[in-house]
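Asker: Build the 3D model from these lines:
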Amino acid sequence: MNTILVEMTVAKAAAPLVNWGGLVKVLALALGTAVVIVGGFSLGIAALDVYVWSLRQQDPELEAFPARGGEITLERPAVRYASLALALFFFAVCVAGVIVGLVEMLSK
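Answerer: Alright, predicted model coming up:
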């Protein structure tokens, strides 16, 4: 039998048992939450990396690797504090996403 025909037959047979609208809503919410949490965590790690890089530029003794010859280090406090604020914001977005998911899961 044709695969599409089998899928259509199964979907018609399951229609009285499955709430397709609710299933699509749950899948969309799960996908959106996953994108927000993973994206927020990734951007938080990137911002934290910029913050640590800025700290290492200010104090070369914190450097794990020897400085390259002729490299000019500039102190940029605006970049440092902005990246720290962004890292905290994105980590807060991750925590908020998890809390919203838990509240929704436990409310039903």
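Asker: Tell me the backbone dihedrals of Ala15, please.
Answerer: Backbone dihedrals for Ala15, given as degrees, to the nearest 10, come out at phi -50, psi -40.
Asker: Phe101: how many residues sit nearby?
Answerer: Quick fix: residue 101 is Gly, not Phe. Applying other Cβ atoms under 10 Å, we find 15 residues neighbouring Gly101. Bear in mind the C-beta positions are built from the backbone N, C-alpha and C, glycine included.
Asker: same question, the one 4 residues further on
Answerer: Counted with other Cβ under 10 Å, the burial measure for Met105 works out to 8 neighbours.
Asker: Equivalent analysis for Met8, please.
Answerer: Count around Met8 with other Cβ under 10 Å applied: 11.
Asker: mind checking how far it is from Ala14?
Answerer: Met8 sits 11 Å away from Ala14, going by Cβ to Cβ, to the nearest Å.
Asker: Ser42 now?
Answerer: Ser42 sits 37 Å away from Ala14, taking Cβ to Cβ as the criterion.
Asker: Please enumerate the strands of the protein.
Answerer: In the chain, no strands are defined using DSSP state E.
Asker: Where does pLDDT dip in it?
Answerer: By pLDDT under 70, the weakly predicted segments of the chain are 1-2, 5, 59-75.
Asker: Let's see that with 80 instead.
Answerer: Applying pLDDT under 80 to the chain picks out residues 1-15, 20, 56-77, 108.
Asker: how about Val24, what does it touch?
Answerer: Contacts of Val24 were listed using Cβ atoms under 8 Å, 6 or more residues apart in numbering, and none were found.
Asker: how close does it sit to Ala11?
Answerer: From Val24 over to Ala11 the distance is 13 Å, taken as Cβ to Cβ.
Asker: ditto for Val26
Answerer: For Val26, the distance to Ala11 (Cβ to Cβ) stands at 17 Å.
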